[in-house]
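Student: build me a structure from this.
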Amino acid sequence: MNPSTAVAPGSRSGDPSSGATRAWPRLKRGSRLRSAIGGGSHRPDDSVPPPADRRSSALDGVRAFAVLAVIAYHFGVPGVHGGLLGVDVFFVLSGFLITSLLCREHDRSGRVALGAFWARRARRLLPGLLLLLVGVAVYARVFASTVDVSAVRADALSTLLYVANWHYIVAGQGYFAASGAPSPLLHTWSLGVEEQYYLVWPLVAAVVLQRWGTRVLAKVALGAAAVSATLMAVMQAAGFSADRLYYGSDTRAQALLIGSFLGAACGWRSAALGRCAARGAAPSVPERRRAWSAAGVAGGAALLFAWTSLDGQATFLYRGGFALVALAAAGVVGSVSECPGSPVGRLCALRPLAYVGRISYGLYLYHWPLCLAIDHQHTGLSGPALLACRLAATFAAAIASFHLVEEPVRTGSLSRGRHGVVGATAGALVAVGALLVATVVPAGGAPVRATAAAGSERRQLAALHAFTTNPVRFLLVGDSIALTMGIGLSDDSRSRYGVRIDNDSELGCDLDPTLEVRLSGQVGPATAGCPDWRATWSRLVRQDRPQVVGLLLGRWEVADHRLDGHWTHIGERLWDDHLSAEMQTAVHLLARRGASVVLFTMPYLDVPEEAPDGSPYPEDQPGRVDAYNALVERVSRRTGAHVVDLNALLDPSRRFAATIDGVDVRWSDGIHITANGGQWLQPRVLPTVDRLGLEARLSASSRSSTSAR
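Tutor: Down below sits the predicted model:
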């Protein structure tokens, strides 16, 4: 979203970002417009939009409502489940205003000065954006650690180039991500969508206006909006992810195009009114007033419903819902622009709302990183106190940015001409330099050099050539915690312990991927990391012929699941019975060819992402982990599987530990195990694997001898 970037043309400063209403031809003595509303003696009517050289407080008020909806959604204000749809209001408003600007400029001069248009965009947008990037550099250095800062650098570069939306699609950084630390620049995806539109649409508009005029431009915008909405619906039906549809410029352009249709249509309507007036046929002003007032009330009611009732992952949105939201926003924008005296127009023009709208760009830029920095972990606050602190910091940052940086650069002499180019370049270099310095990955703890196995065990392993040609075969399966643990665990494990580790764990492994899951407050399908684990694990056991198999799960199992129509979780009998049966099936399957099975308990979590009120999400709380580990012990007793208490190893004080013995054993996401952590675990885990592997070999040797006799 880019809440304050496109405004009506014709402002005093000549900058379309100043917030003036949609452009109308300047009113001159005996103008056609005054004739169109009843002749030169007709009293000015409140249904007539203000002249283009006056700022529209009502449009600023629309911005205020939209940005407050987004902030309320991100800050976890109860009841604002669809506040993220405030972004669509900004898309519509931006498309409306830039198209109005382009139409008016062409009507006035017969051409569109694209260079001047893009220069105004840069002067309006870059100061706040560069300030944001410098602030994020400070955030990365003060609050984030290795994993976070390694991603922030790429996020920042894509933000600066206005391609953040495509970067997050490629990088898999989902807006509706279920776990992991979110990027402090995640919200800049919408700036990318808008700036890409600002690059392409003026080129299209210039050509269409020059050849065919405003009416055809309106048709082009409407047709392109229909194509964008249809593309989203088709891709959703084809199984594309919600994040691809939500971030994509092609699928989200529909709102911008609906706004552009409104801007072009109103411009064509303005010209038509002038032609009618020239023929002496004045339109009915009261009818127009009533029509626009009704459109504004209906659109406002629809937006209020969407912001309070819809969910960003609702299928309805991707099958035409976003287009309907954009049409509702168009009703509001058209009402306050064409009929400022309408009820919606008067409400949006209230002075406090108008001021919030003026600083809405800064509010949007700064609210999300401040939300991440000002959380329960850093402040100890939660609930209303945390909300108040976040709001105060966001408004303070936006007000200071607007008055001290954005407006002085936009209107000052240093922002123009050669000085403007030099200043923008210098600002970009400062921001990039700050990010490069702040996101240097700090050196981790020294790699752990694990001790060797016990002497007697080592001699037995050597006699069986475990350290050379015949190692103990250890198959590791499970989720992403198992995957990351296996990286360090397998480092030189053959020469040290005589163990060959085949790490076949999967990112996002849920034993029942057919269920719905509630994770980090979002409801969606269970992860499909190992959807057909029965067949896959059977094949691995058959191919690898392991003597020991390790199974480490838990991240998804501690989340809420919808089972038999009921939401349930670990510690409740419905889910415990279901999960226990699944795990017992897994153990029997993995042991089918004589392998010993090791069940790992789950370590505690310290996920940076909190619930909006500052509390941990339920699945991240220690009680859930304890309940899961108790279930692992029960499954062990029922199946004869062995248990390695990973929880006790990594959390010796019975609480989450990021560092043990000076070694960083956990990622900064509070979930996964570092490579150094896996090495640290080697002397604490692999001797058990050695022992079980030796027992399996002796058992196999005994069976062979008996068979031979």
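Student: drop to CA atoms for contacts and neighbour counts, all remaining ones
Tutor: OK.
Student: could you give the number of residues near Ile481?
Tutor: 23 (other Cα atoms under 10 Å).
Student: in the stretch 401-550 of the chain, which spans are strands?
Tutor: Applying DSSP state E, counting those that start in this stretch to the stretch 401-550 of the chain gives strands spanning 472-478, 499-503, 516-519, 522-525, 548-552.
Student: residues making contact with the second one?
Tutor: Read that as strand 499-503. The contact list for strand 499-503 (Cα atoms under 8 Å, 6 or more residues apart in numbering) reads 466-467, 471-477, 483, 486-487, 490, 493-494, 686, 689-690.
Student: what about the helices in the stretch 351-500 of the chain?
Tutor: Listed in chain order, the helices of the stretch 351-500 of the chain (DSSP state H, counting those that start in this stretch) span 351-358, 360-373, 376-379, 383-401, 407-411, 417-438, 455-463, 480-489, 493-497.
Student: would you format those helices as TSV with mean pLDDT and distance to Ala171 included?
Tutor: As requested, the helices of the stretch 351-500 of the chain are exported to TSV (pLDDT from 0 to 100; distance: least, Cα to Cα, whole Å):
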stretch	mean pLDDT	distance to Ala171
helix 351-358	96	33
helix 360-373	93	19
helix 376-379	77	27
helix 383-401	93	28
helix 407-411	85	34
helix 417-438	55	19
helix 455-463	68	44
helix 480-489	93	17
helix 493-497	84	32
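Student: and Val597, which of these is closest to it?
Tutor: Counting by Cα to Cα, Val597 lies closest to helix 480-489 out of the helices of the stretch 351-500 of the chain; the figure is 14.5 Å.
Student: by how many degrees do the closest one and strand 499-503 diverge?
Tutor: Inter-element angle recorded for helix 480-489 and strand 499-503: 150 degrees (by axes from the mean of the first three to the mean of the last three Cα atoms, to 10 degrees).
Student: next one: phi and psi at His465?
Tutor: phi 60, psi 30 (degrees, to the nearest 10).
Student: neighbours of it, how many?
Tutor: That count, for His465 with other Cα under 10 Å as the rule, works out to 14.
Student: hang on, isn't it packed against Val472?
Tutor: No. Counting by Cα atoms under 8 Å, His465 stays clear of Val472, with 9.4 Å between them.
Student: out of the strands of the stretch 401-550 of the chain, flag the one nearest Ala253.
Tutor: strand 522-525 (25.2 Å).
Student: how about the closest one: buried residues?
Tutor: 523-524 (16 or more other Cα atoms under 10 Å).
Student: tell me where the model's unsure across the stretch 451-600 of the chain.
Tutor: Across the stretch 451-600 of the chain, residues meeting the criterion (pLDDT under 70) sit at 451-458.
Student: could you dump stretch 110-119 to PDB, C-alpha only?
Tutor: Only the C-alpha atoms of stretch 110-119 are listed here, as PDB (Å, rounded to 0.1, in the frame of the first residue of the first chain):
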ATOM      1  CA  GLY A 110      -2.600  18.000 -25.500                       C
ATOM      2  CA  ARG A 111       0.300  15.900 -24.100                       C
ATOM      3  CA  VAL A 112       1.400  14.100 -21.000                       C
ATOM      4  CA  ALA A 113       4.800  15.000 -19.500                       C
ATOM      5  CA  LEU A 114       5.800  11.600 -18.200                       C
ATOM      6  CA  GLY A 115       9.300  12.800 -17.000                       C
ATOM      7  CA  ALA A 116       7.700  15.400 -14.800                       C
ATOM      8  CA  PHE A 117       5.100  12.900 -13.500                       C
ATOM      9  CA  TRP A 118       7.800  10.400 -12.500                       C
ATOM     10  CA  ALA A 119      10.000  13.100 -10.900                       C
END
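Student: mind listing what's buried along it?
Tutor: Buried residues in stretch 110-119 (16+ other Cα under 10 Å): 111-112, 117, 119.
Student: most widely separated two among those?
Tutor: Arg111 and Ala119 (16.6 Å).
Student: list the residues that contact Trp307.
Tutor: 69, 80-86.
Student: helices along the stretch 501-650 of the chain, start to end?
Tutor: Using DSSP H, counting those that start in this stretch, helices in the stretch 501-650 of the chain cover 533-544, 573-590, 622-639, 646-650.
Student: please save the CA atoms from the second one in PDB.
Tutor: This file holds the C-alpha atoms of helix 573-590, laid out as PDB (Å, rounded to 0.1, in the frame of the first residue of the first chain):
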ATOM      1  CA  ARG A 573      -8.200 -36.500  24.400                       C
ATOM      2  CA  LEU A 574      -9.600 -36.100  20.900                       C
ATOM      3  CA  TRP A 575      -6.300 -35.000  19.500                       C
ATOM      4  CA  ASP A 576      -4.100 -37.000  21.800                       C
ATOM      5  CA  ASP A 577      -5.800 -40.300  20.700                       C
ATOM      6  CA  HIS A 578      -5.600 -39.400  17.000                       C
ATOM      7  CA  LEU A 579      -2.000 -38.300  17.200                       C
ATOM      8  CA  SER A 580      -0.900 -41.300  19.300                       C
ATOM      9  CA  ALA A 581      -2.400 -43.700  16.800                       C
ATOM     10  CA  GLU A 582      -0.600 -41.900  13.900                       C
ATOM     11  CA  MET A 583       2.700 -42.000  15.700                       C
ATOM     12  CA  GLN A 584       2.300 -45.600  16.600                       C
ATOM     13  CA  THR A 585       1.700 -46.400  13.000                       C
ATOM     14  CA  ALA A 586       4.800 -44.500  12.100                       C
ATOM     15  CA  VAL A 587       7.000 -46.400  14.600                       C
ATOM     16  CA  HIS A 588       5.800 -49.800  13.400                       C
ATOM     17  CA  LEU A 589       6.300 -48.800   9.800                       C
ATOM     18  CA  LEU A 590       9.900 -47.500  10.500                       C
END
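Student: that helix to strand 472-478, inter-axis angle?
Tutor: Using the same axes, to 10 degrees: helix 573-590 against strand 472-478 is 150 degrees.
Student: report the buried residues of the longest helix anywhere in the chain.
Tutor: Using DSSP state H, we find that the single longest helix of the chain is helix 675-708. Buried positions in helix 675-708, judged by neighbour count with 16+ other Cα under 10 Å: 675-694, 696-697.
Student: repeat that for stretch 462-470.
Tutor: 462, 464, 466-467.
Student: same question, stretch 556-564
Tutor: Within stretch 556-564, judged by 16+ other Cα under 10 Å, the buried ones are 556-563.
Student: got TSV for these, with distance to Leu372 too?
Tutor: Below are the buried residues of stretch 556-564 laid out as TSV (distance: Cα to Cα, whole Å):
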residue	distance to Leu372
Trp556	24
Glu557	26
Val558	24
Ala559	22
Asp560	24
His561	27
Arg562	29
Leu563	33
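Student: ok, so of those, who is nearest Gly299?
Tutor: Distances from Gly299 to the buried residues of stretch 556-564, taken by Cα to Cα, are shortest for Arg562, at 35.3 Å.
Student: okay, and the beta partners of that closest one?
Tutor: Glu516, Trp567 (DSSP bridges).
Student: give the contact list for it.
Tutor: 515-517, 568.
Student: among these, who's most crowded?
Tutor: Val517 (26 neighbours).
Student: would you mind measuring from it to Leu511?
Tutor: Val517 sits 12 Å away from Leu511, going by Cα to Cα, to the nearest Å.
Student: who touches stretch 628-636?
Tutor: 554, 557-558, 570-571, 576, 580, 583-584, 599-602, 641-643.
Student: mind running it again at 10 Å?
Tutor: 552-555, 557-558, 569-571, 576-577, 579-584, 587, 597-603, 622-626, 637-638, 640-647 (Cα atoms under 10 Å, 6 or more residues apart in numbering).
Student: how about stretch 518-528?
Tutor: 176-180, 311-314, 506-517, 556, 558-562, 567-569, 607, 609-612, 616-620.
Student: understood, closing this out.
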